[in-house]
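Colleague: with the sequence up front, the predicted model follows.
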Amino acid sequence: MTSTCARCGAEHPVDSVGRFCTNCGAPRGAVAGPVAEPPPVHQAPPPQRFPLYAEEPGSPAPAPAPTPVAPGQPPLGGRHRRRGALVWVGLAVAALLVLVVALALLTGESVEDPSGSGPAAGTSSADGDPAPTADPEPLVDQVTAEAPRSDADSVDISTGEPTSYEAGNMLDGDPETAWRVDGDATGETLTFTFDEPVTLTSLGLVNGYAKTSVDGSGTEFDLYAGSRRVLAVQWVLDGGTVIDQTLSDGERGLQRVDTGAVEVTVVELRLVEVSAPGEGPAARDKTAISEVSLEGYPG
């Protein structure tokens with residue numbers, strides 16, 4: 001006759017010696033409880049946990065799970081580092097530009113426009129020609145004047161010295177000398193030839209004989225009012241461009257006309273209109289021009 005173990009169900013002879021089950025070690029009189037079923041034959045046992053108990057004292061806390069990152073998105077830390085690097089690069093470039101401009105101002109050299117739109121102010125033009133930076137200057141010392149005719153020499157009323165009326169008097173800077181001819185000089189052409197091409201910017205003339213003399217008796221001779229005055233002319237540049245100029249009668253100073261910056265070698269002055277002879281002690285049937293102005297930049 002046999003008895004059955006309440007825990008594992010092993011059979012033991014009733015008269016066998018021992019208080020405990022020879023199979024599982026449970027007391028023979030124990031109350032039967034739930035019996036753990038063995039795992040299926042082909043199922044692998046669950047993985048072991050280390051430490052064996054999560055609540056075991058001294059066990060390290062589990063590491064936090066990494067923050068998920070979207071595909072193609074750089075790591076959070078890398079993004080901040082890259083932004084900081086770009087800021088430093090920008091500051092370095094700005095400092096370099098400030099240094100270059102400061103050196104250019106100190107040395108007087110030109111600085112190119114970083115935008116690439118063109119040269120900065122005061123620099124050379126795109127074709128390599130320097131932009132004019134100085135004021136135009138008189139060019140009369142580089143030119144020769146010619147006239148088809150001139151008045152005969154005379155004597156100065158005040159001093160008794162000989163006076164000539166050749167074409168070169170228009171370029172000597174003295175308004176009391178003049179080119180002069182008899183009668184109405186309408187249609188006459190005066191020619192001014194430069195030694196080499198120049199850049200012309202303006203032309204002008206004193207349209208009469210701007211001289212006053214006093215004889216021994218104290219009589220005043222106003223040669224500007226007594227002679228004919230030039231009222232209209234045409235300037236012809238190198239036989240092509242024509243510039244018309246109307247002159248004010250009674251204005252004894254130099255009357256100018258702008259030409260723009262144009263390269264020339266020969267300038268012709270055509271007398272288009274001349275006034276009638278004047279009146280008074282100095283009345284003369286003469287046409288005169290005291291001065292001619294040619295200004296610009298030498299070649």
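Modeller: Thanks, I have it. Residues are numbered from 1 along each chain as shown.
Colleague: now do residue 1, the pLDDT please.
Modeller: pLDDT recorded at residue 1 is 59.
Colleague: in this structure, which strand has the most residues?
Modeller: As assigned by DSSP state E, the longest strand anywhere in the chain is strand 255-274.
Colleague: and that one, what's its mean pLDDT?
Modeller: Averaged across strand 255-274, the pLDDT comes to 97.
Colleague: first to last residue in stretch 269-284, what's the distance?
Modeller: Length of stretch 269-284, first residue to last, C-alpha to C-alpha, to the nearest Å: 23 Å.
Colleague: buried ones in that stretch?
Modeller: Using 16 or more other C-beta atoms under 10 Å as the burial criterion, the residues of stretch 269-284 that qualify are 269, 270, 271, 274, 275, 277, 278, 282, 284. For every residue, glycine as well, the C-beta is placed using N, CA and C.
Colleague: can you check stretch 291-299 too?
Modeller: Within stretch 291-299, the residues that count as buried by 16+ other C-beta under 10 Å are 291, 292, 293, 294, 295, 296, 297.
Colleague: just the helices from the stretch 101-250 of the chain, written as ranges.
Modeller: For the stretch 101-250 of the chain, the helices defined by DSSP state H, counting those that start in this stretch occupy 223-226.
Colleague: which stretches of it form strands?
Modeller: In the stretch 101-250 of the chain, strands defined by DSSP state E, counting those that start in this stretch lie at 137-138, 143-146, 154-155, 162-163, 179-182, 189-206, 212-214, 220-222, 230-237, 241-246, listed in chain order.
Colleague: any weak-confidence spans in the stretch 101-250 of the chain?
Modeller: Along the stretch 101-250 of the chain, segments meeting pLDDT under 70 span 107-133.
Colleague: residues contacting the residue lying closest to residue 177 once chain neighbours are set aside?
Modeller: Nearest non-adjacent residue to residue 177, counting by C-beta to C-beta, 6 or more residues apart in numbering: residue 169, 4.1 Å away. Going by C-beta atoms under 8 Å, 6 or more residues apart in numbering, residue 169 touches 177, 178, 179, 290.
Colleague: ok, 6 Å please
Modeller: Applying C-beta atoms under 6 Å, 6 or more residues apart in numbering, we find residue 169 in contact with 177, 178, 179.
Colleague: ok, now residue 140?
Modeller: Going by C-beta under 6 Å, 6+ apart, residue 140 touches residue 171.
Colleague: any idea how far it is from residue 223?
Modeller: Computed as C-beta to C-beta, to the nearest Å, the residue 140 to residue 223 distance reads 22 Å.
Colleague: same question for residue 183.
Modeller: 16 Å.
Colleague: looking at these two, which is more packed in?
Modeller: residue 223 (24 against 12; other C-beta atoms under 10 Å).
Colleague: thinking the more buried one is in contact with residue 211, fair?
Modeller: Yes. Here residue 223 reaches residue 211: they are 4.6 Å apart, a contact under C-beta atoms under 6 Å.
Colleague: restrict stretch 185-205 to CA atoms and write it as PDB.
Modeller: This file holds the C-alpha atoms of stretch 185-205, laid out as PDB (Å, rounded to 0.1, in the frame of the first residue of the first chain):
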ATOM      1  CA  ALA A 185      34.400 139.500 -88.900                       C
ATOM      2  CA  THR A 186      31.200 137.400 -89.200                       C
ATOM      3  CA  GLY A 187      32.100 134.100 -90.900                       C
ATOM      4  CA  GLU A 188      35.700 134.200 -89.800                       C
ATOM      5  CA  THR A 189      37.100 130.900 -88.400                       C
ATOM      6  CA  LEU A 190      39.900 130.800 -85.800                       C
ATOM      7  CA  THR A 191      41.800 127.500 -85.300                       C
ATOM      8  CA  PHE A 192      43.300 126.100 -82.100                       C
ATOM      9  CA  THR A 193      45.600 123.100 -82.400                       C
ATOM     10  CA  PHE A 194      46.900 121.100 -79.400                       C
ATOM     11  CA  ASP A 195      50.400 119.500 -79.400                       C
ATOM     12  CA  GLU A 196      48.700 116.200 -78.500                       C
ATOM     13  CA  PRO A 197      45.200 114.900 -77.800                       C
ATOM     14  CA  VAL A 198      43.700 116.400 -74.600                       C
ATOM     15  CA  THR A 199      40.400 115.800 -72.700                       C
ATOM     16  CA  LEU A 200      38.400 119.000 -73.000                       C
ATOM     17  CA  THR A 201      35.700 120.000 -70.500                       C
ATOM     18  CA  SER A 202      34.900 123.600 -71.300                       C
ATOM     19  CA  LEU A 203      35.400 126.400 -73.800                       C
ATOM     20  CA  GLY A 204      35.000 130.200 -73.500                       C
ATOM     21  CA  LEU A 205      36.000 133.700 -74.700                       C
END
